[in-house]
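> Predicted model and sequence below, questions to follow.
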Amino acid sequence: MSTTETNFYGLGIAPAILGVIERLKFVTPTKIQHQAIPIGLQGQDVMGIAQTGTGKTMAFGIPMIQRLEQIKGRALVVVPTRELAIQVDESLHKIASALGLRTAVLIGGDSMHKQLQSLKSHPRILIGTPGRLIDHMQQKTLNLHDIHILVLDEADRMLDMGFGPQIATLLKQVPADRQTMLFSATMPETIMNIAKNYMRLPVRVEVAPSGTTAERVVQELFIVRKELKQQLLESMLDQCQGSVLIFCRTKFGVMKLTRQLRQINKYKVTETHSDRSLGQRKEALEGFKRGKYRILVATDIAARGIDVKGIELVINYDLPDDPENYVHRIGRTGRAGFAGRAISFAMPDQRLEVKNIERIINQTLPVAESHPTIPLEKFHIPKTPVMAYQTPKSLRRRRR
């Protein structure tokens with residue numbers, strides 16, 4: 001491996017930005033950064049495909065900031081959720097502020113007055129969710145005529161959330177003569193259509209096949225009856241010393257499980273879901289980052305909006321509705337080269353859901369046949385076709 005592949009030198013990054021990167025102690029570029037940054041710096045359109053947790057923000061952020069120093073106009077970063085917008089702003093601000101570039105975050109649930117004040121400061125970088133950006137455009141408080149760099153981050157998630165019409169509106173409002181960088185963990189046909197219709201000969205950068213899970217995440221599956229899920233969860237929480245992110249399928253499930261865990265005084269737990277205000281969601285995430293809370297219980301709204309270093313364990317208390325969300329959920333651990341662990345609970349009648357996840361990740365989930373604190377017979381795995389769960393080998397036989 002050459003020297004240029006083990007550090008940020010030789011990628012075409014300006015000395016001023018390299019100095020900031022060095023002060024931030026960013027030493028080795030990730031694979032997506034190493035491949036995408038030189039292309040982005042040349043002003044070419046980029047389609048970046050990489051699993052979550054691989055450093056995509058800096059893969060588009062560094063070339064975007066450097067090019068803004070060279071050209072007139074502004075940049076717009078469109079993301080699916082409020083949490084991700086705040087996270088992206090925090091990451092970009094570390095470099096942009098050192099070069100005198102202001103940022104503005106335009107998201108739903110936040111004060112419109114505060115956002116208008118932010119826009120009056122003439123920020124060069126706008127970061128927003130589709131709905132709030134459209135709101136500003138309709139109220140004529142935002143004009144996109146000077147957007148010369150457009151970034152669509154987590155594009156597949158935005159389409160999954162029904163933002164297709166809003167994205168189409170935004171794409172029609174920004175100048176045709178622009179640089180577009182699209183980043184996504186998966187590449188469905190709808191994303192390919194955006195590339196075909198709205199991008200100019202994009203260079204495709206793919207560091208892992210679509211649907212690939214994080215390399216250093218150990219995955220495990222427990223088949224457990226519904227009434228035993230909380231007992232199994234508590235046993236795992238007692239064995240784990242670090243931070244734990246737990247996913248439930250619904251906001252009501254999150255609230256119920258959080259309430260149950262809070263009744264056990266030894267657990268410091270918080271929650272995030274769509275019924276929580278922006279302030280409450282910020283407090284939960286910041287508290288989880290700082291260690292005020294060891295456990296965060298969340299819906300899929302947090303699957304791509306959490307960037308917390310060192311999450312030891314992700315638990316899928318409920319399997320996701322969309323099997324692709326499994327990839328994004330477990331991508332919250334094992335980030336940036338660190339090892340992680342992901343455990344999923346499946347009830348005996350969820351064989352199809354497990355198979356759909358395995359199809360997405362192109363591998364068989366290792367099945368735990370017992371647990372140190374819960375005897376195997378209590379799992380009550382019935383002697384029916386669900387017995388295919390018992391060993392990965394039997395799952396492979398059934399798939400043939």
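Everything's here; your move.
> Wait, a helix at residue 195?
Yes - with DSSP: H, G, I helix; E, B strand; the rest coil as the criterion, residue 195 is located in a helix.
> quick one: residue 141 and residue 185, what's the gap?
For residue 141, the distance to residue 185 equals 32 Å [CB to CB, to the nearest Å]. C-beta: built from backbone N, CA, C; applies to glycine.
> Please apply the same query to residue 27.
25 Å.
> Just say helix, strand or coil for residue 57.
Assignment for residue 57 (three-state DSSP): helix.
> Which elements pack onto the top helix by length along the chain?
For the chain, the helix with the greatest residue count under DSSP state H is helix 82-96. Packing partners of helix 82-96 (3 or more CB pairs under 8 Å, 6 or more residues apart in numbering; DSSP states H and E): helix 15-23, helix 56-68, strand 103-106, strand 125-128, helix 278-290.
> ok and it relative to helix 56-68, angle-wise?
Angle of helix 82-96 versus helix 56-68, following axes from the mean of the first three to the mean of the last three CA atoms, to 10 degrees, is 50 degrees.
> Flag every buried residue along helix 82-96.
82-89, 91-96 (16 or more other CB atoms under 10 Å).
> Now render these as JSON lines, adding distance to residue 344.
Shown next, in JSON lines, are the buried residues of helix 82-96 (distance: CB to CB, whole Å):
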{"residue": "82", "distance to residue 344": "27"}
{"residue": "83", "distance to residue 344": "22"}
{"residue": "84", "distance to residue 344": "23"}
{"residue": "85", "distance to residue 344": "28"}
{"residue": "86", "distance to residue 344": "28"}
{"residue": "87", "distance to residue 344": "25"}
{"residue": "88", "distance to residue 344": "28"}
{"residue": "89", "distance to residue 344": "32"}
{"residue": "91", "distance to residue 344": "29"}
{"residue": "92", "distance to residue 344": "33"}
{"residue": "93", "distance to residue 344": "35"}
{"residue": "94", "distance to residue 344": "34"}
{"residue": "95", "distance to residue 344": "37"}
{"residue": "96", "distance to residue 344": "38"}
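> mind listing the helices in the stretch 101-250 of the chain by residue range?
112-120, 130-138, 155-160, 164-173, 189-198, 229-239 (DSSP state H, counting those that start in this stretch).
> Low-confidence bits of the stretch 101-250 of the chain, can you list those?
Along the stretch 101-250 of the chain, segments meeting pLDDT under 70 span 208-215.
> Just confirm residue 281 contacts residue 272, I think it does.
Yes - counting by CB atoms under 8 Å, residue 281 touches residue 272, with 5.0 Å between them.
> Now the common contact residues for these two.
residue 83 (CB atoms under 8 Å, 6 or more residues apart in numbering).
> which residues in the stretch 201-350 of the chain form strands?
Taking DSSP state E, counting those that start in this stretch as the criterion, the stretch 201-350 of the chain contains strands spanning 203-206, 217-223, 244-247, 269-272, 295-298, 313-316, 340-346.
> For the third one, output the C-alpha coordinates as CSV.
Going back to what we said before, that points to strand 244-247. This file holds the C-alpha atoms of strand 244-247, laid out as CSV (Å, rounded to 0.1, in the frame of the first residue of the first chain):
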residue,chain,number,x,y,z
VAL,A,244,-26.2,-0.1,24.1
LEU,A,245,-28.6,0.9,21.3
ILE,A,246,-31.9,-0.9,21.3
PHE,A,247,-34.3,-0.8,18.3
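> so how far is stretch 39-56 off the chain centroid?
15 Å (CA atoms, centre = their mean, to the nearest Å).
> End to end on that stretch, go ahead and measure it.
14 Å (CA to CA, to the nearest Å).
> Show me the domain layout of this structure.
According to automatic domain parsing, the chain comprises the domains 3-206, 217-399.
> I figured residue 8 was touching residue 26, is that so?
Yes - with contact defined as CB under 8 Å, residue 8 reaches residue 26; the gap is 6.9 Å.
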